[in-house]
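Asks: return a 3D structure for these sequence lines:
(2 chains)
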Amino acid sequence: MTHLEQEVLLDVEESGATPAIESAGGKSGGPAVVLRGLHKSFGSQIVLDGMDLTVESGETLAVLGRSGSGKSVLLKLIIGLQKPDSGSIRIHGQEITRLPLDAMNELRKEMGFLFQHAALYDSLTVEQNVAFPLKRHTKMTDSEQGDRVKELLAGVGMEGDLKKMPSDLSGGMQKRVGLARALALKPGILLLDEPTAGLDPITSGEIDELILKLQEEHDMASIVVTHDLHSAKTIADRIALLHEGNVLIEGNFNELEKSDDQFVSEFLKRDP
Amino acid sequence: MSYDASIPRRGISQDADQATSLMRSTIISAWSLINRFLEWFGELGLFAWQVMRAAVRRPFEGRELMRQLDEIGSKSLPLVALAGAAIGFVLALESRSSLARFGAKSMLPAALVYSIIHETGPVVTGLVVSGRVGAGIGAELGSMKVTEQIDAIEASGVNPYKFLAFTRILACILMLPLLTLAADFCGVLFGWIADTLVEPVSFHRFINQGFVGATFSDFLAPTFRTTVFGLIIGMIGCFQGMRTQGGTAGVGLSATSSVVISSLFVILADVILVKFILVFFS
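Replies: Just a heads-up that it's a prediction; the model follows:
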């Protein structure tokens, strides 16, 4: 752990947040995320229908499924942006479905979220975007924040674009900055919503490599929602395929390939 | 079949059926309109409650508040001052000829100052700010909503009701009285300019005549009435922006509805508050 990382951890502790790495479970060995009997509907449309899923600490799980199968909704339920109709969501053993807002905000500091279109704050520069969580949740001085932001942006290959606005960046660059922002508080759980969507194959490959590198460095539990089979095969320890509101099959890519299920076979036919 | 029987005829019962069905559809659409209106008010109440709850919790987002004070206050100043100046100029020219007809030309400064401070200044400021700031807040927050930036704020453990909504609402509440004073000053100044162009009079004398008999409550109540206008503009703009749906079309709709609804409520509040001020401050 670098000196700066130790400082961030200390600052997060001082600000009252549960320190991300310690509670991440990455070291303690318990499951990071446990979903049981999760139901979610929008009007008459059932999106999740009694879903069960477990993500172990330090593990990378890729969630695949057809468009509208509830993959992005699943991530939003885990981070508390949406509430399930019924069922249980446990983050590091803590039930979050009935958690008060303040407690939920504390828990959110342990989770990093990369949105599908990066969702960078368009009135802020790249530097300010990455510094946003640090400003609000740590007691770092401006110069310490600046060093931390540079370190994070260097980690995603964007150290030369501190003063640029999000509108000046390409889709791939925005994803990189979004990733740096998601990692700012050293989360124990990283949620990635379509990290390679809309990117060319070369940039997608670079993002995959970056995710692998960051996982090695930070030892987080990651849930990656994707349509990109190649990406899932590259970065995931385990893959879960969603169908009709539940997990149809889970396992590594080879196990999925051996499945006799017609839907699984059809889905994997598009393997690049 | 007889000739008569082959001709289709509209019987009395058919007409009655049509009338019943027309009435039913009218009642249904009226009910749906009332329902939507009540639903909107309910959601607004819930939104206001969430903002109030967020407002009393730490941290207090001082930097964002300062940014909004600048955005809403300083940047609205030129437009508000121009509107005030135009109103003062026109009011002086129009009133002069009317007062001259009754031989009450000397009453012009008092009439102008009273009219600007009591009604024209606050209302014009309220409407100008609701146009500029209401549309700005509605469009900005709407755009943040559809591009998931508000979700990103929430996902990073920051309460968007405080960071985005409360700071903007408080900035509107604090800035409206100051902007109103600026509009009042420009109105009186340009009223004097218009008057002195026709018949030269010193500014000192114009002000002395204008404020003759004026008391502190003449200033206080109308100016602080605009804090309510600020509350309305900030609250409606944030509410409409943060409930935006449906991409860029939704953003446009939020901006437009923010202006329309906040302007309407500013006018309604003005009517109610004028009565209130007359009862309690006269």
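Asks: okay, now the residue of the stretch 1-150 of chain B found nearest chain A: neighbour count?
Replies: Chain A sits closest to B:Glu148 of the stretch 1-150 of chain B, with a gap of 4.1 Å, by CB to the nearest CB. Backbone N, C-alpha and C define where each C-beta goes, glycine included. When counting by other CB atoms under 10 Å in any protein chain shown, one arrives at 21 neighbours for B:Glu148.
Asks: next one: the one 10 residues further on
Replies: B:Val158 has 21 neighbours, counted by other CB under 10 Å.
Asks: is it true that it lies in a helix?
Replies: No: looking at B:Val158 with DSSP: H, G, I helix; E, B strand; the rest coil, it is coil, so not inside a helix.
Asks: what helix or strand does the residue lying closest to it once chain neighbours are set aside sit in?
Replies: Sequence neighbours aside, A:Arg136 is the residue nearest to B:Val158 in space, at 5.4 Å (criterion: CB to CB, 6 or more residues apart in numbering or on different chains). Per DSSP states H and E, A:Arg136 falls inside helix A:126-137.
Asks: what does B:Gly191 give?
Replies: Judged by DSSP H and E, B:Gly191 forms part of helix B:167-198.
Asks: what is the neighbour count of residue 143?
Replies: In the absence of a named chain, this looks at chain A. Around A:Ser143 there are 8 other residues, counting by other CB under 10 Å.
Asks: that was the other one, I meant chain B.
Replies: With other CB under 10 Å as criterion, B:Ser143 counts 20.
Asks: where does chain A come near chain B, residue by residue?
Replies: A:17, A:76, A:79, A:81, A:101-102, A:105-106, A:108-109, A:111, A:113, A:115-117, A:119-122, A:132-133, A:136-137, A:181 (CB under 8 Å from any CB of the partner chain).
Asks: let's see which of those end up in helices.
Replies: Judged by DSSP state H, the residues of chain A next to chain B include A:Lys76, A:Leu101, A:Asp102, A:Asn105, A:Glu106, A:Arg108, A:Phe132, A:Pro133, A:Arg136, A:His137, A:Arg181 as members of helices.
Asks: quick one, what contacts the fourth one?
Replies: Each residue near A:Asn105 by CB atoms under 8 Å, 6 or more residues apart in numbering or on different chains is listed here: B:Gly157, B:Val158, B:Asn159.
Asks: want to throw these into JSON lines with pLDDT?
Replies: Formatted as JSON lines, those follow (pLDDT from 0 to 100):
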{"residue": "B:Gly157", "pLDDT": "91"}
{"residue": "B:Val158", "pLDDT": "91"}
{"residue": "B:Asn159", "pLDDT": "91"}
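Asks: now do the helix holding A:Arg136 against helix A:101-108, angle only.
Replies: Angle between the axes of helix A:126-137 and helix A:101-108 is 130 degrees (criterion: axes from the mean of the first three to the mean of the last three CA atoms, to 10 degrees).
Asks: what about A:Gln262, how many residues nearby?
Replies: Using other CB under 10 Å, A:Gln262 has 8 neighbouring residues.
Asks: neighbours around B:Gly45, how many?
Replies: Neighbours of B:Gly45 (other CB under 10 Å): 10.
Asks: actually, B:Val188.
Replies: 25.
Asks: get me the contact residues on the stretch 101-250 of chain B for chain A.
Replies: Within the stretch 101-250 of chain B, the positions near chain A by CB under 8 Å from any CB are B:143-144, B:147-149, B:151-159.
Asks: what do you get if the cut-off is 6 Å, keeping everything else the same?
Replies: B:Glu148, B:Gln149, B:Asp151, B:Ala152, B:Ala155, B:Ser156, B:Gly157, B:Val158 (CB under 6 Å from any CB of the partner chain).
Asks: surely the fourth one and A:Ala119 touch.
Replies: Read it as B:Ala152. Yes: B:Ala152 is within contact range of A:Ala119, at 4.0 Å (criterion: CB atoms under 6 Å).
Asks: give the buried residues for the following helix or strand past the helix holding B:Gly191.
Replies: Per DSSP H and E, the first helix or strand lying C-terminal to helix B:167-198 is helix B:203-210. Neighbour counts over helix B:203-210 (16 or more other CB atoms under 10 Å in any protein chain shown) mark B:Phe206, B:Gln209, B:Gly210 as buried.
Asks: quick one: which of the ones in helices among the residues of chain A next to chain B has the most company?
Replies: A:Arg181 (30 neighbours).
Asks: with adjacent residues omitted, what lies nearest to it?
Replies: Nearest-residue entry for A:Arg181: A:Val130, 4.9 Å, with adjacent residues in sequence omitted and distances by CB to CB, 6+ apart.
Asks: same check on A:Ile211?
Replies: Distances taken as CB to CB, 6+ apart put A:Ile235 closest to A:Ile211, at 5.2 Å, once the chain neighbours are dropped.
Asks: what's the burial count for that neighbour?
Replies: Neighbours of A:Ile235 under the rule other CB under 10 Å: 23.
Asks: for the residue lying closest to A:Lys135 once chain neighbours are set aside, grab the count of nearby residues.
Replies: Once flanking residues are discounted, A:Lys135 sits nearest to A:Gln145: 6.7 Å by CB to CB, 6+ apart. By the criterion of other CB under 10 Å, A:Gln145 has 19 neighbours.
Asks: that older thread, just send the buried residues of helix B:203-210 back as TSV, with distance to A:Thr60 and pLDDT too.
Replies: Formatted as TSV, the buried residues of helix B:203-210 follow (distance: CB to CB, whole Å; pLDDT from 0 to 100):
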residue	distance to A:Thr60	pLDDT
B:Phe206	77	90
B:Gln209	80	87
B:Gly210	75	85
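Asks: of these, closest to A:Ser231?
Replies: B:Gly210 (73.4 Å; CB to CB).
Asks: that closest one: what's it in contact with?
Replies: B:Pro109, B:Ala110, B:Val113 (CB atoms under 6 Å, 6 or more residues apart in numbering or on different chains).
Asks: how about low-confidence regions in the stretch 1-150 of chain A?
Replies: Scanning the stretch 1-150 of chain A for pLDDT under 70 picks out A:1-29.
Asks: give me the pLDDT value at B:Phe281.
Replies: B:Phe281 is assigned a pLDDT of 66 by the prediction.
Asks: where does A:Ile223 sit, in terms of helix or strand?
Replies: Under the criterion of DSSP H and E, A:Ile223 resides in strand A:221-225.
Asks: partner strands of that strand, parallel or antiparallel?
Replies: Sheet pairing for strand A:221-225, assigned by DSSP bridges, gives strand A:60-65 (parallel), strand A:189-193 (parallel).
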